[in-house]
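# just the structure for this:
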Amino acid sequence: MVACLPRANLSATLQRCPTPPARSKEITPDTYGYVRHRGLAVSQATDQQGVGVFEPSYYRRCQCKGPLKDKEGNPVLDADGKPKIGDIGLTCPKLGKGHGTWYFYFEAERGEGNKRARIRRGGFTKLDDAKKKAKELYDAATAGTDVLSDETCGDFFLRWIKAKKSLARTTRHGYEEHINNYLLPHLGHIKRRDLKVRHLDKMYDAIEKENAERILHRLRVDQLQKDRDAAHQAWVKTAGYAKREERRAARRAFLDANAALREGKKGLRKVTSAATMHRINDTLSSALSWGIKREQAFSKNWAQLVELPPVTRPKPLVWTPERIEHWKRTGEKPGPVMVWTPELTGEFLDFVKTDWLYELWHTFVFNGPRRGEMAALPWTEVNTDALWMRISQQIVEVAYKLYGEAPKADSVRTVSLSLESGDNFVSFRAKQEQKRQEWGDAYVETGRVWTHENGEALHPDWISRRFTRLVELSGLPPVRLHDLRHLAATLSLLAGNDIKVVQEKLGHSSRQITSDTYTSVLPEMMRAEAESVMAVVPREVPFEVRTPLTIPERAWQGDIAVFFAHGARQSGDTWAVGAQTQPDSDLLGMITLAGRGQDDAANAAVKWIRDHCTANDLELVRVEKFNDRYPEEQRADFSLTRFTIARAEAPGLDDWALPTGLPPAASRTARRASNGRRKAA
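Numbers count the residues shown, from 1 in each chain. Purely as a prediction, here's the structure:
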């Protein structure tokens, strides 16, 4: 028997024991310092203070069968007087010749009620493997892990989710889906103490294998869908002119194809995406971390060692004319997240102007709230005088049931309203009051801002479906309701607002989420960026002088002359630039050029005037570009530049008197000294 010592005296030193002899009733120490007790080699080493330190002990055991013997060594007989045959275990004479497998055991800290805790494992072909496993279990036991627990991972996951009292409904529902659909089927049968990272890798490999099967299933269903549609068109073509037998055959073919499609759809499931696998792993990591912190249930958080396929957030794409043409031709969206241009946004708002919820769609476009936040918004959180609305509630759907709850801390916010948005809230309240009078007692009082005409609250899913239907009726390229959050962020940045302001309006926890996920680059922004970059590097623009520049004497005010170079697009890329002192004065000269825009026209004018100054011994004092003074819609066709030049006449040497007396520096010094003496006097 091995005594159980305090944890502070535990040692992880592993020692090899000699092969145990046959079972014996005596307990005798041998020369190696081991106690042989019934064939089990147990270390009885002591530390320097004389306190016993127990260590894992090792022995061989086999599964050989043979005649059984009792403790005295006599054969054990059955009812017929024949020797009983069974597992002879440690008494096998072959154990000393490399026969059998290695086992070990050690005593851990006693549990509740001072109950002994003996840990035993076996079946190792090599002693080193047994030592490695013994050290692993020994270290885990000394760290407080219950290595004797028979609890399965499935029981642990259910116990963990039950203990998490503070989870939000949506978070709890997501955890429960991951547990029921993935963790329990793949990991639930494994003993908690035996869980390793290889089990997690095996689970994700199985998920990817299921994905491949689901993709094939989806392809088969798509083919059945095409066959059904073709059969339906063939049936429609036979109506009205084909014989009855042909119509019946076409109808029967369509019904058979439709039945095959219904049968093929059975068991069809969505593919588990890489993002979903990351969320599953996050759920598993949370459970393992909880078990480690609370009760040392695991030696490591194995979920942190798993390598999963990378996940990239889909970037919002703008509906450019080229993408719209592709969508009209093929019906395919260029990406999962699409954003309207300002022009398309205006078309949609004009189309839904007469819709009951026009004010709601206007709020989605310019403020970018979540649908659950708008479904829960009460009138008490809207101030049409101070122009703000406070978002502090939301409606969430969990397992087809609606619940009201507070959003995350970063999502609770106060959103400023524009004058037009404030007027929209006033207008919708007036419409509600009118409907309240029409419906009378049947009107449903909810106190919420956005309701049906009878006062009933809006379901978040209904809001999405209604928006999708309105987009279809408008004929505009499709976007999702959630894409309007991307649109609101993009429009705000296009208006020149800071990213921090956009972050607060959308209720994000960080600027990075807003900038990386919820903003798009509109064509207007891309063109402005491209032109600004080109303008940084000055380039010569070829031009042709149609009328040489002549500056009349009346244009000079002393030695300074000021005039303008006004450019205008003639046709295509052809520009004409004329020099004038006043907008309605005669031309002083004119050039033409082939340029991309107003910057090219201005640069050509600068080169023209500089060449004229060089040739006529004039000095170009100042160049001022006023291209940004034009309205946005005129900048593509006009440019304006102001020039200031001076006459540069060099003095001759004929009338120049040679200096006499002190050098200039000495003269200045003498004058300073004379002035100082006068001041002192």
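# shouldn't Ala253 be in contact with Ala230?
No. Counting by Cβ atoms under 8 Å, Ala253 sits too far from Ala230 to count as a contact (9.3 Å). Yep, even glycine has a C-beta here, placed from its N, CA and C like the rest.
# of these two, which one has the most company?
When Ala253 and Ala230 are compared for neighbours, Ala253 comes out ahead with 17 against 13, by other Cβ atoms under 10 Å.
# which one is the more buried one nearest to, not counting chain neighbours?
Nearest non-adjacent residue to Ala253, counting by Cβ to Cβ, 6 or more residues apart in numbering: Ala231, 4.9 Å away.
# give me the number of residues near the one you found?
For Ala231, using other Cβ under 10 Å, the count is 21.
# helix or strand: which one has it?
Assessed by DSSP states H and E, Ala231 sits inside helix 197-238.
# can you give the domain ranges for this structure?
As given by automatic domain parsing, the domain ranges for the chain are 7-148, 156-305, 317-524, 550-681.
# turn those domains into CSV, including mean pLDDT and distance to Val311.
Below are those laid out as CSV (pLDDT from 0 to 100; distance: least, Cβ to Cβ, whole Å):
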stretch, mean pLDDT, distance to Val311
domain 7-148, 65, 33
domain 156-305, 92, 5
domain 317-524, 89, 12
domain 550-681, 78, 40
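# kindly state the beta-bridge partners for Glu397.
Beta-bridge pairing for Glu397 (DSSP bridges): Leu402.
# what's near enough to touch it?
By Cβ atoms under 8 Å, 6 or more residues apart in numbering, the residues touching Glu397 are Tyr403, Pro460, Asp461.
# relative to Thr170, how far out is Thr330?
From Thr330 across to Thr170, the span is 36 Å (Cβ to Cβ, to the nearest Å).
# I'd say Ile551 and Ala561 touch.
Yes. Between Ile551 and Ala561 a contact is recorded at 5.7 Å, counting by Cβ under 8 Å.
# mutual contacts of the two, please.
Common neighbours of Ile551 and Ala561, using Cβ under 8 Å, 6+ apart, are Ile645.
# neighbour count: these two, which is higher?
Neighbour count, other Cβ under 10 Å: between Ile551 and Ala561, Ala561 has more, with 21 against 17.
# could I get the CA-only coordinates of stretch 164-184 as CSV?
Taking C-alpha atoms only, stretch 164-184 is exported to CSV below (Å, rounded to 0.1, in the frame of the first residue of the first chain):
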residue,chain,number,x,y,z
LYS,A,164,-23.6,30.6,-18.1
LYS,A,165,-26.3,32.8,-16.6
SER,A,166,-25.3,36.2,-18.1
LEU,A,167,-25.4,35.3,-21.8
ALA,A,168,-27.6,37.4,-24.1
ARG,A,169,-30.4,35.4,-25.7
THR,A,170,-28.9,35.6,-29.2
THR,A,171,-25.4,34.5,-27.9
ARG,A,172,-26.9,31.6,-25.9
HIS,A,173,-28.9,30.5,-28.9
GLY,A,174,-25.8,30.5,-31.1
TYR,A,175,-23.8,28.5,-28.5
GLU,A,176,-26.6,26.0,-28.2
GLU,A,177,-26.7,25.5,-31.9
HIS,A,178,-23.0,24.9,-32.1
ILE,A,179,-23.2,22.4,-29.2
ASN,A,180,-26.2,20.5,-30.6
ASN,A,181,-25.2,20.5,-34.3
TYR,A,182,-21.4,20.1,-34.0
LEU,A,183,-19.8,19.6,-30.6
LEU,A,184,-22.0,16.9,-29.3
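# show residues contacting it.
153-154, 157-158, 161, 203, 207, 279-280, 283-284, 286, 290, 396, 398-399, 403, 405.
# residue ranges of the strands in the stretch 201-350 of the chain, please?
317-318, 338-339 (DSSP state E, counting those that start in this stretch).
# need the winner for burial among those.
strand 338-339 (a mean of 24; mean count of other Cβ atoms under 10 Å).
# which strands border that one, and is each parallel or antiparallel?
Assessed with DSSP bridges, strand 338-339 is paired to strand 317-318 (parallel).
# which parts of the stretch 401-550 of the chain are helices?
Under the criterion DSSP state H, counting those that start in this stretch, the stretch 401-550 of the chain contains helices at 419-439, 460-474, 483-494, 499-506, 511-517, 523-536.
# CA atoms only for stretch 282-289, dumped as PDB, please.
Extracted in PDB, the C-alpha atoms of stretch 282-289 (Å, rounded to 0.1, in the frame of the first residue of the first chain):
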ATOM      1  CA  ASP A 282     -14.800  30.300 -30.500                       C
ATOM      2  CA  THR A 283     -17.700  28.600 -28.600                       C
ATOM      3  CA  LEU A 284     -15.500  25.600 -27.900                       C
ATOM      4  CA  SER A 285     -12.600  27.900 -26.700                       C
ATOM      5  CA  SER A 286     -15.000  29.700 -24.400                       C
ATOM      6  CA  ALA A 287     -16.100  26.400 -22.800                       C
ATOM      7  CA  LEU A 288     -12.600  25.100 -22.400                       C
ATOM      8  CA  SER A 289     -11.400  28.300 -20.800                       C
END
